[in-house]
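**Q** take this sequence and fold it.
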Amino acid sequence: MWKDKAYSVAYELSDKISKLFVANLLWIILNSPLLIVVIQLQIVTQPSSYYVLLPLLSLGLPLFFFPSTQALFCLVRDIVLQTPVSTVKTFWRYWVSNFKESLKMGILLSGLFTGLGLLIYYSWSISFILFTVAFIALLFTLIIMVQLFCFQAHFEMPFIWKLKRAQQLVFARIFYSIGSFMLVLFMIYASFEISIAVFVWMTPVACVYTSFIIFNYQYNKIISNKKVQWNRDSESM
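**A** Below you'll find the model as predicted:
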């Protein structure tokens, strides 16, 4: 009996890992132009090259990173909730169906990243207070971005609604939001220190999977608390 159960668990685990690996591979393929730009940024020696590569990176984020990452979040959401998926077809369907909204999201956030990045760069030697404010704003923009990806994957609602809910969740559950983001940063740093291969082939989908697992737990906890409060209000009436 226990052998059958162990075999079933091992099969489900291996099936989930294989789906995540394929999803990560698709994400890498779709982001390959950006990865080439990032590699070029690491090896260039002339400062003038940055004036070409950094704008390319900023322009490429809405076209490549955001649609593919949104599709990865949607697919991971299905896997976490045990929804039957055909990895390649499902990933591609999410990429196509969410492309326009992801593009808008990417243009908005990429513009914020670029503006805040320039502000941080120029305020470094001018005003420590301005630098600190810009850095904190960039940090919270990144935190909201992670939560927004989760909301985008989990709800079929207008973009503005999801953006507002993501902001509300971040500031209402500040320790959860910062903790989740710091965990993702730690995973990125640790995998990069271990091996570039681990960083490329495992980290993107691992970060997405971890982010959505924590988001789903937090969301279910909020819904459960609301139901308990509603029951208490009903009983008091």
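**Q** so which residues of the protein form helices?
**A** Here the chain has its helices, by DSSP state H, at 2-30, 32-43, 50-60, 66-80, 87-97, 99-123, 128-154, 159-172, 174-194, 196-201, 203-236.
**Q** mean neighbour count for those helices - can I get that in JSON lines?
**A** From N, CA and C alone the C-beta is placed, and that goes for glycine too. Shown next, in JSON lines, are these (neighbours: other Cβ atoms under 10 Å):
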{"stretch": "helix 2-30", "mean neighbour count": "13"}
{"stretch": "helix 32-43", "mean neighbour count": "13"}
{"stretch": "helix 50-60", "mean neighbour count": "15"}
{"stretch": "helix 66-80", "mean neighbour count": "24"}
{"stretch": "helix 87-97", "mean neighbour count": "17"}
{"stretch": "helix 99-123", "mean neighbour count": "16"}
{"stretch": "helix 128-154", "mean neighbour count": "18"}
{"stretch": "helix 159-172", "mean neighbour count": "16"}
{"stretch": "helix 174-194", "mean neighbour count": "15"}
{"stretch": "helix 196-201", "mean neighbour count": "13"}
{"stretch": "helix 203-236", "mean neighbour count": "15"}
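**Q** could you dump those to TSV with mean pLDDT?
**A** Conversion of the helices of the chain to TSV gives the following (pLDDT from 0 to 100):
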stretch	mean pLDDT
helix 2-30	81
helix 32-43	88
helix 50-60	87
helix 66-80	94
helix 87-97	93
helix 99-123	91
helix 128-154	93
helix 159-172	90
helix 174-194	90
helix 196-201	81
helix 203-236	75
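**Q** geometric centre of the protein: which residue is closest?
**A** Nearest to the mean C-alpha position of the chain, counting by Cα atoms, centre = their mean, stands Val146 at 4.3 Å.
**Q** these two touch, right, it and Val184?
**A** Yes - counting by Cβ atoms under 8 Å, Val146 does reach Val184; the two are 6.8 Å apart.
**Q** need phi/psi at Phe155.
**A** phi -130, psi 140 (degrees, to the nearest 10).
**Q** that one against Lys162, yeah?
**A** Yes - taking Cβ under 8 Å as the definition, Phe155 is a contact partner of Lys162 at 6.0 Å.
**Q** joint contacts of Val146 and Val184?
**A** By Cβ atoms under 8 Å, 6 or more residues apart in numbering, Val146 and Val184 have these common neighbours: Ser211.
**Q** tell me how far the nearest residue to the residue nearest to the centre of the chain once chain neighbours are set aside lies from Tyr94.
**A** With sequence-adjacent residues excluded and distances taken as Cβ to Cβ, 6 or more residues apart in numbering, Val146 is closest to Ser211, at 5.5 Å. Computed as Cβ to Cβ, to the nearest Å, the Ser211 to Tyr94 distance reads 16 Å.
**Q** no further questions, thank you.
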